[in-house]
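Asks: Predicted model follows, preceded by the sequence.
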There are 2 protein chains.
Amino acid sequence: MDFLNNYLIYLIPVFGLIGILVMAIKAAWVTKQNAGDGDMATLAGYIADGAMAFLRAEWKILGGFVAVAGILLAWSGTTVATSSPVIAISFVIGAFLSAFAGYLGMRIATKANVRTTQAARTSLAQALKVSFTGGTVMGLGVAGLAIIGLGSLFIVFYQVYVVKVTGSTVNGEAMAKALDVLAGFSLGAESIALFARVGGGIYTKAADVGADLVGKVEAGIPEDDVRNPATIADNVGDNVGDVAGMGADLFGSYVATMLATMVLGREIVSHDNFGGIAPVLLPMVIAGLGLIFSIVGAAMVKIKSETDSVQNALNIGNWASIVLTAIATYFVVQWMLPSGDFHMVRDEVNGVVKATVIPFTKNGVFGAIVVGLVVGTLMSIITEYYTAMGKRPVLSIIRQSSTGHATNIIGGLSVGMESTVLPILVLASGIYGSYYFAGLYGVAIAAAGMMATTAMQLAIDAFGPIADNAGGIAEMSRLPEEVRHRTDNLDAVGNTTAATGKGFAIASAALTSLALFAAFVGVAGIEHIDIYKADVLAGLFVGGMIPFIFSALCISAVGRAAMAMVEEVRRQFREIPGIMEYKAKPEYEKCVAISTKASIREMVAPGLIALITPVIIGFAFGPEVLGGLLAGVTVSGVLMGIFQSNAGGAWDNAKKSFEKGCDINGEIFYKKSEPHKASVTGDTVGDPFKDTSGPSMNILIKLMSIVSLVIAPHLNSHQTATAARVQKEMNKQPMSIHMVVKAEKSV
Amino acid sequence: MDFLNNYLIYLIPVFGLIGILVMAIKAAWVTKQNAGDGDMATLAGYIADGAMAFLRAEWKILGGFVAVAGILLAWSGTTVATSSPVIAISFVIGAFLSAFAGYLGMRIATKANVRTTQAARTSLAQALKVSFTGGTVMGLGVAGLAIIGLGSLFIVFYQVYVVKVTGSTVNGEAMAKALDVLAGFSLGAESIALFARVGGGIYTKAADVGADLVGKVEAGIPEDDVRNPATIADNVGDNVGDVAGMGADLFGSYVATMLATMVLGREIVSHDNFGGIAPVLLPMVIAGLGLIFSIVGAAMVKIKSETDSVQNALNIGNWASIVLTAIATYFVVQWMLPSGDFHMVRDEVNGVVKATVIPFTKNGVFGAIVVGLVVGTLMSIITEYYTAMGKRPVLSIIRQSSTGHATNIIGGLSVGMESTVLPILVLASGIYGSYYFAGLYGVAIAAAGMMATTAMQLAIDAFGPIADNAGGIAEMSRLPEEVRHRTDNLDAVGNTTAATGKGFAIASAALTSLALFAAFVGVAGIEHIDIYKADVLAGLFVGGMIPFIFSALCISAVGRAAMAMVEEVRRQFREIPGIMEYKAKPEYEKCVAISTKASIREMVAPGLIALITPVIIGFAFGPEVLGGLLAGVTVSGVLMGIFQSNAGGAWDNAKKSFEKGCDINGEIFYKKSEPHKASVTGDTVGDPFKDTSGPSMNILIKLMSIVSLVIAPHLNSHQTATAARVQKEMNKQPMSIHMVVKAEKSV
């Protein structure tokens, strides 16, 4: 115990190493599964090549970006005492690991897909095993790399900036500097995540929408038909968007939550055990435990017969990992945190605690963690309700499809808007509750608790697109019916997990941003963010607007790219004779190139908005106005994220419902019926909503908060514009105030 | 001058009386115009009856609401010293006058429509004269009643609560009480406005969408065809929605801006002229001048030949009234306000002005007014750009219509989202600028300046639906081509003015809410609204969500009502033989009844949300959390308002563009082409966006602010939830803080 007590900090990366080790074993297992033959192998090859082509193109751009941003960071690091040029190094490492995690996930996904198809020829159980193991590899890779990276960097910076420096207190300026430098890691990870999410999202939907509009609607050939020139791009999209994009997204959230909690933890005065930094270590330890129990949970995901429920299998594994982690967390909290009350340093004025401060206890901290788990679970349940087949929201859209395209759209939009109510109430209660239990540290640790089982969440998320791909390959290589049937079964489950996963991702992003927000306020050293001040209120307005323009850019990018795709596909059908008779092979690579180019080009503008706005506002108007901006971005970003993701999910399942046939006022409608056509319109509109702009909101709000946190020490000295102006005014007319006061008295 | 100086307060209602007088003369002129013959008269009769039927049904509900709310207000008025049961009386008066203004407008509109049709048989000039005079009657009625009502009530309350009470200072508690009671007037007006806007909006779009879906799309008969059973309801809708709804909306804004400015003006220590309350009187005086110059501007709106531009005629009148008002305002400000610096009472602590306060001057106040005028103008220009034919946004939607319904929708949604950027930047600068010039009083007076020419704005807004109706009547009574051509000319202009009017309405609503927000903070007696506090932040989230659920309710209400309408129209076509051959008359009243019932039923839920939420949050969590809620509602409401209104407007004009033919990549497409069909879908989706949920956002944000302002004195004593909890905690464990502080030192 005493050993642990002193060396816990060095144990943290070990958790990550275990994760990577297990990942390697599982990856090896997947690789040696039968990859099928002939067509299957070739098509899978196209998909893998397309995916890599995108990554290479993306990396070329991002490499340049990372270089430039790194240099700026190194330079700015030299300008203030509380920072250091070293921040550039952790930025580059964060960016690299995030990209690498995405790469790992995609490599395994593009292997697992075809092997799942092959496995589906024998049994559902085997197909699930292959696809879910593929997902697990992704999950463990992301979580493992994150913990190793953050853990080891922290060890280094802790040694360099705190231990080695004589007279530095464990939670004083020295530690602040260590954490500020560490923030670069999170910034790097989240920047890459944004580009991966937006780029991948544009890619996948441009291909998807393009393929559907010409293939399904015009040429009347089924989805994933090998004759459709865009079908490879479509399947590549599932990998670059849903796998690599989602992976980078959660890698970012995972790191950001830990970082924010550490920054706030620094301000908590703890006992001398664990080098006096128990509150700083706690989030990483919780993440480590979550990783281990994710491995346990993943091992429990299996079915025996064709009739077993895949969803149940996933739920069992998921719940096992969550519950086990919660229990273990309870004991860790009891062990690590001091007994008695504690509060944050910023809550005192010359050593005396402010009257409004509520001290909290170790039990409060655990309470906050539970709040985080509950919020995450409720968000997933609510999201599922609003997007699931057979539930009221989707049924209402189906009914409104009977009067045409327009009413279907109106139905979906109002479902999406309505679906913001419960999540926001849950989130608001979560903020209130976690704060009640453990103040700002509570809000952060709640997010950390929620993200603890990220490895498992991601395994479940990534399994969906792998199954989807497997189905695509089965369709393209025209395998027997029962194969497609098995992959469809997996795919259906994948759609549900995708929806719940989105709810989870939004909740985590929201809590993460708030934690970062709180950390920012502390580092920037401001007392309030008073929206009653005109300039802060103006910042709130501008912040609220950013998710709208960001979404507009994403959506219109998909629209433009899809139209380019449509024209290319039409051209190939026109100019390449024999495609329809399977005599000639379509030029898949042309479509892949269109999606790749478009997504790379279009991801730049939204990315820069997210990165540059906080810098401009922060330096021009000071930290308090920037705080207003962040609040605006977070509130409006969460709302737009939920609205767009759920509307898209509901439209999607309204359309899918017609495959089994929908009862509208007693009449049953199937595919190709008028109501079904209307539902296809809704689904197409929903595609960029749920897979491009919606999910990007998560990263937008996190990234802007991290940027603010990183520049906070530089703003520290600044005063707000108003304050500055007051100064000016007062120097200009020193008497004025005085005069008024006199005028005053006379009344 | 000395006389004016002392009796200015009594002059204010006189401005209103002049307005009403001129209105009466113009109304009489319209009434004695030729109302046409046979069919025309009958059809116009149906429309007038339908409109009145709606108003009666609406008043039945609202009568009950006003009674209940009035009793509650009277009761609550007795509970705090700073208020009085009398507030119930001004609430009832406000509600009555708002409803009466809507009634006046609709009466004249339903007379002017058919007379415009008749006039259009002779010349465009005459048709413009009749329709615009109708609009002017509405504008003068609204502004006149508002000034008379607010002005006289203020005189009474000023006498009762200030002058008659010995020892009461002009800007002390006594005046605060007078203004608190006066706030009831604004509350009454805005409540009615909300129900009128939402109810009218649902009515008009249910009828419009229903009529189009069956008439145009299924039966293939033109719009406003007398054979369509829903056509009367559709034309009634233009009156109850665009005329009565818009009238009540602007009546509310107009009153609310004056009130908010007066509440803030009370806190400014002025010289003894004008009874020492010049800053309180100023907004009403400015409104009075605006009314007079609106009469002048309206008189300048005329054309001579068929080829003259109607738009120019309107612009000339509009600009004349604005510029003249601005000039007059300059002199009034110079005359009324004291020279030297002044500031607000709340900006001092025991008689000493806070260091952060910037004193402002009379020139600053005029500067703020100019800012308001500029903001209003820019908002109108931007709105026009995003919704006008031939401009980039609408063209992009047209292009995206070529690939189908879905891409048309995606195009419109992204245009709507993009269109929030410039207005928000303008608004944010406006807030910043007006505050810079004259602090919080500046923000309020900027709104007041913007609303000064409300009479003229409304005349221009109301002329549109009158022309639209006139066209409908011409079509229904199958008058010669050139008649319809003339009314179409007016209608086209009406569509532009409707768009710009919406931009103006949103801008005014936003500034009004902020002014009310500032007033609320003062009355509630809170120092900050610190979004860095967890509970305030939670309030911000919940507030941000409300416009989403409010929009969802409005949109889905239209969807449901439209479907009921569709089924009724289908039934009549099926069961009443000979309709198509003009042999049998459709049962118009059945459709009117459907729209009426639906709109009355559906307007209740959103209305109650707006009214009750602030009360619950305010009393449960205290004024600061309520402040957070208001900020959230305002930001998200403004964004959703701009997004929905502009998307709807752009879709509408994209569809209209196909009438002249649209060039898409070199190919020209006309009506009935596939791209046109896609554009009709967009237009139908846009209908509830731009005429139901979009405009309702204005009233939502204003109403919630007013409710908060009214309950503010009651919250005054309350502490925020956090504070309360702290108290509890501290009593529970008096040692805790102390302990920690000790623990602190030891580090």
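Replies: Noted; the coordinates are in hand. The shown structure was predicted, so the numbers you read here are calculated from the model rather than taken from an experiment. Residues are numbered from 1 along each chain as shown, chains lettered A, B, ... in the order given.

Asks: Now do the helix or strand A:Leu440 falls within: distance to the chain's middle.
Replies: Counting by DSSP states H and E, the element that carries A:Leu440 is helix A:421-451. Relative to its chain's centre, helix A:421-451 lies at 18 Å (C-alpha atoms, centre = their mean, to the nearest Å).

Asks: any residue of that helix up close to chain B?
Replies: Yes: part of helix A:421-451 sits near chain B under the criterion C-beta under 8 Å from any C-beta of the partner chain, namely A:Val421, A:Ile424, A:Leu425, A:Leu427, A:Ala428, A:Ser429, A:Ile431, A:Tyr432, A:Tyr435, A:Tyr436, A:Leu440, A:Val443. For every residue, glycine as well, the C-beta is placed using N, CA and C.

Asks: So which elements touch that helix?
Replies: On a contact count with 3 or more C-beta pairs under 8 Å, 6 or more residues apart in numbering or on different chains; DSSP states H and E, helix A:421-451 meets helix A:246-266, helix A:278-299, helix A:362-387, helix A:481-524, helix A:623-660, helix B:534-575.

Asks: helices or strands next to the helix or strand just after it in the packing?
Replies: Counting by DSSP H and E, the next helix or strand C-terminal to helix A:421-451 is helix A:454-476. Helices and strands touching helix A:454-476, as assessed by 3+ C-beta pairs under 8 Å, 6+ apart, comprise helix A:38-79, helix A:87-120, helix A:124-157, helix A:231-237, helix A:246-266, helix A:278-299, helix A:310-336, helix A:481-524.

Asks: JSON lines please, covering the ones you listed and showing mean neighbour count, distance to chain B and mean pLDDT.
Replies: Formatted as JSON lines, those follow (neighbours: other C-beta atoms under 10 Å in any protein chain shown; distance: least, C-beta to the nearest C-beta, whole Å; pLDDT from 0 to 100):
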{"stretch": "helix A:38-79", "mean neighbour count": "17", "distance to chain B": "23", "mean pLDDT": "87"}
{"stretch": "helix A:87-120", "mean neighbour count": "26", "distance to chain B": "25", "mean pLDDT": "93"}
{"stretch": "helix A:124-157", "mean neighbour count": "26", "distance to chain B": "21", "mean pLDDT": "95"}
{"stretch": "helix A:231-237", "mean neighbour count": "30", "distance to chain B": "16", "mean pLDDT": "88"}
{"stretch": "helix A:246-266", "mean neighbour count": "30", "distance to chain B": "12", "mean pLDDT": "91"}
{"stretch": "helix A:278-299", "mean neighbour count": "25", "distance to chain B": "13", "mean pLDDT": "95"}
{"stretch": "helix A:310-336", "mean neighbour count": "19", "distance to chain B": "17", "mean pLDDT": "94"}
{"stretch": "helix A:481-524", "mean neighbour count": "25", "distance to chain B": "5", "mean pLDDT": "87"}
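
Asks: and the helix or strand containing A:Thr204, how far out from the chain's middle?
Replies: Using DSSP H and E, A:Thr204 sits within helix A:173-211. Centroid separation for helix A:173-211 versus its chain: 9 Å, with C-alpha atoms, centre = their mean.

Asks: repeat for stretch A:511-525
Replies: Centre-to-centre, stretch A:511-525 and its host chain are 18 Å apart (C-alpha atoms, centre = their mean).

Asks: Then stretch A:204-219?
Replies: In terms of C-alpha atoms, centre = their mean, the centre of stretch A:204-219 is found 26 Å from the chain centre.

Asks: Which positions within that stretch qualify as buried?
Replies: A:204-217, A:219 (16 or more other C-beta atoms under 10 Å in any protein chain shown).

Asks: And stretch A:606-620, by the same measure?
Replies: Neighbour-count burial for stretch A:606-620, counted by 16+ other C-beta under 10 Å, picks out A:Pro606, A:Gly607, A:Ala610, A:Leu611, A:Thr613, A:Pro614, A:Val615, A:Ile617, A:Gly618.
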